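just a sequence and a predicted model for now, questions to come.
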Number of protein chains: 2
Amino acid sequence: MTPSSAPLASAEIIAVGSEMLGSNRLDTNSLFAAGRLAALGIELRAKTVVGDDPGRLADVFKSALARADLVVLTGGLGPTADDLTRETVAETLGLELREDAAIVAHIAQRFAKRQMRMPDVNRRQARVPRGATVLDNPRGTAPGLLIEHDGHTVVLLPGPPREMQPMFDELCERVLAPRAGTFRVHTATLFVTGRGESHVEEIAHPIYSRWTSEKPPIDTTILAAPGQVELHLSLRDQATAAAEERLRRAHAELHAALGEDVFSTNGRPMEDVVGGLLRDGGLTIAAAESCTGGLLMSRLTDIAGSSDYVAGGVVVYSNELKVALAGVPDDLIRAHGAVSEPVAAALADGIRERTGASIGLGITGIAGPGGGTPHKPVGTVAIALSTADFGSRVRTVSLIGGRAQVKFQATQSALDMVRRAIIRGR
Amino acid sequence: MTPSSAPLASAEIIAVGSEMLGSNRLDTNSLFAAGRLAALGIELRAKTVVGDDPGRLADVFKSALARADLVVLTGGLGPTADDLTRETVAETLGLELREDAAIVAHIAQRFAKRQMRMPDVNRRQARVPRGATVLDNPRGTAPGLLIEHDGHTVVLLPGPPREMQPMFDELCERVLAPRAGTFRVHTATLFVTGRGESHVEEIAHPIYSRWTSEKPPIDTTILAAPGQVELHLSLRDQATAAAEERLRRAHAELHAALGEDVFSTNGRPMEDVVGGLLRDGGLTIAAAESCTGGLLMSRLTDIAGSSDYVAGGVVVYSNELKVALAGVPDDLIRAHGAVSEPVAAALADGIRERTGASIGLGITGIAGPGGGTPHKPVGTVAIALSTADFGSRVRTVSLIGGRAQVKFQATQSALDMVRRAIIRGR
């Protein structure tokens, strides 16, 4: 093989295997490869899963070859009859296959180590397209293959992640990085809460649309995720401080326009952001949860080290437990109903007093699907925050979605109340 | 639109969205759709993820159209400028787009319900290609579209799974099922806990390997999932009672071999299975959680109607709160340490007594990454179950994985203790 120095700017990934077209197996190799390619500034344009069918694989492979500099195929390198990647790629590129004696010896040795003789079918794994470079597989019998063809680079790797991943890392370092050129994909994110996707778009669009015509452009994607709207900025440019600075300014401009609704500028989730604010402020938190059933405390305690600022709390589904564990006055529930602002406030005050935490949260609402009324439909949640200095404040939110969505969004709103209260110093 | 009666034998799925080409977001809709298509006996030939780029999307879409009777596209139907699926498909098929007044009214109404005005950008979601059928989206603003074109069926669905999934089910029932052939993929599952993947395989392999040479064969896949091992059986055969019966017998044979370790025979998660047992037994449950931080109660309360049997509980991270909220004797913690079987038992007894629930659970452990010692490494969790009739029983488990995995597996073990206790009647 003549070593190629053609630059690699774009890539596609093809995962081969009918088992990944079922309903319970995901192709996870492509996630791994996507991360490694992004780090090298190689743009991943598409990824495809295709079954063990030579005609369809050839078709998908040709399309990928037409769109990308680098095509990575995983799977279908095994010894059995339905492992067709090697043969299909060789035939599509018009390359003859020859058995490689060194590979046969290597495979036979692997079997010998386990006191087994190599089955004849494994000879298929030793066939190499003319001009291809063999990539060692220290963890399995199927070697990888690297083919340079007509200005394109084609890589074949085995499907099992524990074989594929170290081989891909080795490939990145030795072959891809030197040819990835000096470009990198610089990325930045902003996570927003308290506004819907459309309203974020209304504010952000006039700003980010200016960047799409600049050279090189900054791409902005807006995603509605549970409880938050995410802005993902990416800039494909030289790996220079100037490019970093350009993206930083763009990021800062969007941040300024969206203001306090931006809760995270580095991809950290809400529970991590709030945890950081609690830690920095030397504060502790406790919660009395009804409809969220413990999810708020579970999210806070997902963060390592959260025992420093999470005191604890109670889950009080029944009215009796709201009284017994959080000290809510019985007559308050009778007067206003369990889902009401006065009860939320009493939950927040009660749990703060009983735990001695700096901040108490009370959440009571209707997660659904049952329990709604015309006056208080499913999704109605009252959230209260209590501190010793400022007493309690309460808001009622109307959330949309199934039970899990209502629970999650209610915890997101509650955590966001904590965030804003700490930022504003009250 | 002229309703089509062309048979549907093959399908491809295209997920649209640059975010799914990164290293941290998977396209999960295609797994769902793959299962539904398999159930109808429609062969999924390939699935592709493509970014928000009209040229590449058009290219991928054309390739899929050439290979399959049915092409399902998900995502890219939002209101923002990078949502391009509707426009790209219409242009590729040469269909003019027109704004549909009924859809505009529907979207405006969704906003009005939340006392919001519809942003102008949302009008894009009301554009319909000539001849297309609009598919209602009861859970979002983006309607789906069904297009019959040149003997092919094209379906556009929104990306958020909670919107896409019910729409796809509706589509299967109303449009796809009547046009699928007489073959179906019959499936059955068994979820196992308390045994590792290899041990399940040792028991199951001698049984299921017999079925692979039968005609048609029954395929068995064993998957290790968090806190459980899953066996997935599938049989592609005519949609007859005889085929169903054959699969039912195979399922029963595996169930008998795996015995009480099988906790679910119909795909229901552990929290749902345990909820059903509590409800059927007229029992209530409460928990005192330390290292799981509320996750156990949150899982139980993810199930609709769980307020009937979940009393509530406490999250007690600090030793002070273990004493104050769950009544653990202070000297017990001093004598044995917070992570110990006596403290777990005291948590279980204490919360049961304070809430009046039939069953009390106590969980105390080290979720990590910090806090481990040589004697009690990260992943050590003591779990106790207490009932008025039988007192408390305790076990200590050693769990592997990061903080989130330890938390989840600890709740899975605790719920499984409840399950076995109820099944055994003690």
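Yep, it's here.

and the longest helix along chain A, what other elements does it pack with?
Criterion DSSP state H: the longest helix present in chain A is helix A:403-424. Applying 3 or more CB pairs under 8 Å, 6 or more residues apart in numbering or on different chains; DSSP states H and E, one finds that helix A:403-424 makes contact with helix A:270-280, helix A:295-300, strand A:359-365, strand A:380-387, strand A:391-398. For the C-beta atoms, the positions are set from N, CA and C on the backbone; glycine is no exception.

now it: buried residues?
By 16 or more other CB atoms under 10 Å in any protein chain shown, the buried positions in helix A:403-424 come out as A:403, A:405-422.

how much space between residue A:123 and chain B?
Relative to chain B, residue A:123 is positioned 25 Å away (CB to the nearest CB, to the nearest Å).

mind listing what that residue touches?
By CB atoms under 8 Å, 6 or more residues apart in numbering or on different chains, the contact set of residue A:123 is A:99, A:104.

hang on, it in a strand?
No: Residue A:123 is assigned helix when assessed by DSSP: H, G, I helix; E, B strand; the rest coil, not a strand.

roughly how far apart are it and residue A:87?
Separation of residue A:123 from residue A:87 (CB to CB, to the nearest Å) stands at 13 Å.

so residue A:11: helix, strand or coil?
strand.

and it, what are its bridge partners?
Per DSSP bridges, residues listed as beta-bridge partners of residue A:11: residue A:44, residue A:70.

per-residue pLDDT of it, please?
For residue A:11, the model assigns a pLDDT of 96.

ok so, going back, weakest of the helices and strands packed on helix A:403-424 by average pLDDT?
Among those, strand A:391-398 scores lowest, at a mean of 94.

now do it: which elements does it pack against?
Taking 3+ CB pairs under 8 Å, 6+ apart as the contact cut, strand A:391-398 packs with helix A:341-355, strand A:380-387, helix A:403-424.

nearest to residue A:243, out of the ones you listed?
helix A:403-424 (30.7 Å; CB to CB).

return that closest one as CSV; C-alpha atoms alone will do.
The C-alpha coordinates for helix A:403-424 follow below in CSV (Å, rounded to 0.1, in the frame of the first residue of the first chain):
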residue,chain,number,x,y,z
ARG,A,403,-46.4,10.9,34.6
ALA,A,404,-42.6,10.7,34.2
GLN,A,405,-42.4,14.0,32.3
VAL,A,406,-44.5,15.8,34.9
LYS,A,407,-42.3,14.4,37.7
PHE,A,408,-39.1,15.4,35.9
GLN,A,409,-40.2,18.9,35.0
ALA,A,410,-41.5,19.5,38.5
THR,A,411,-38.1,18.7,39.9
GLN,A,412,-36.5,20.8,37.2
SER,A,413,-38.7,23.8,38.2
ALA,A,414,-37.9,23.3,41.8
LEU,A,415,-34.2,23.1,41.3
ASP,A,416,-34.4,26.2,39.1
MET,A,417,-36.1,28.1,41.9
VAL,A,418,-33.2,27.2,44.2
ARG,A,419,-30.7,28.3,41.5
ARG,A,420,-32.4,31.7,41.0
ALA,A,421,-32.8,32.3,44.7
ILE,A,422,-29.1,31.7,45.3
ILE,A,423,-28.0,33.8,42.3
ARG,A,424,-30.2,36.7,43.4
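
what angle sits between it and strand A:359-365?
Taking axes from the mean of the first three to the mean of the last three CA atoms, to 10 degrees, one finds helix A:403-424 and strand A:359-365 inclined to each other by 150 degrees.

so how far is helix A:403-424 from its chain's centroid?
21 Å (CA atoms, centre = their mean, to the nearest Å).

mind checking the SS state of the residue in the stretch 51-200 of chain A that chain B sits nearest to?
Residue nearest to chain B within the stretch 51-200 of chain A: residue A:198 (4.1 Å; CB to the nearest CB). Assigned by three-state DSSP, the conformation of residue A:198 is helix.

separation between it and residue B:80?
8 Å.

shared neighbours of the two, anything?
The contact lists of residue A:198 and residue B:80 share residue B:121, where a contact means CB under 8 Å, 6+ apart.

where do the helices sit along chain A?
Using DSSP H, helices in chain A cover A:29-39, A:54-67, A:85-93, A:101-113, A:161-171, A:177-179, A:197-211, A:241-258, A:270-280, A:295-300, A:319-326, A:330-336, A:341-355, A:403-424.

got the helices and strands packed on helix A:403-424 as CSV, with distance to residue A:245 and mean neighbour count columns?
Converted to CSV, the helices and strands packed on helix A:403-424 look like this (distance: least, CB to CB, whole Å; neighbours: other CB atoms under 10 Å in any protein chain shown):
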stretch, distance to residue A:245, mean neighbour count
helix A:270-280, 25, 19
helix A:295-300, 35, 29
strand A:359-365, 38, 29
strand A:380-387, 38, 26
strand A:391-398, 39, 16
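
just tell me which of those ends up closest to residue B:55.
helix A:270-280 (36.7 Å).

contacting residues around the closest one?
A:191, A:193, A:227-228, A:263-264, A:268, A:283-285, A:299-300, A:302-303, A:305-306, A:308-309, A:359, A:412, A:415-416, A:418-419, A:422-423.

relative to residue A:6, how far out is residue A:39?
20 Å.

sorry, that was for residue A:53
Residue A:53 is 30 Å from residue A:6, by CB to CB.

likewise for residue A:260?
48 Å.

any idea how far apart the tips of stretch A:301-321 sit?
23 Å (CA to CA, to the nearest Å).

now it: buried residues?
Those would be A:301-303, A:306-307, A:309-319, A:321, for stretch A:301-321 by 16+ other CB under 10 Å.

filter those down to the ones close to chain B.
A:301-302, A:306-307, A:310-318, A:321 (CB under 8 Å from any CB of the partner chain).

near chain B at all, stretch A:156-168?
No: against chain B, stretch A:156-168 shows no contacts by CB under 8 Å from any CB, the least distance being 12.5 Å.

let me fix that, I meant to ask about stretch A:75-85.
No: Stretch A:75-85 does not reach chain B (CB under 8 Å from any CB); its nearest approach is 13.3 Å.

what's the spacing between that stretch and its chain's center?
Worked out by CA atoms, centre = their mean, stretch A:75-85 lies 31 Å from the chain centre.

same thing with stretch A:363-370?
Taking CA atoms, centre = their mean, the mean C-alpha location of stretch A:363-370 is offset from the chain mean by 28 Å.

mind checking the end-to-end distance for it?
Rule used - CA to CA; the end-to-end distance of stretch A:363-370 is 18 Å.

my guess is residue A:98 contacts residue A:132. True?
No: look at residue A:98 against residue A:132 with CB atoms under 8 Å: they stay out of range, at 9.8 Å.
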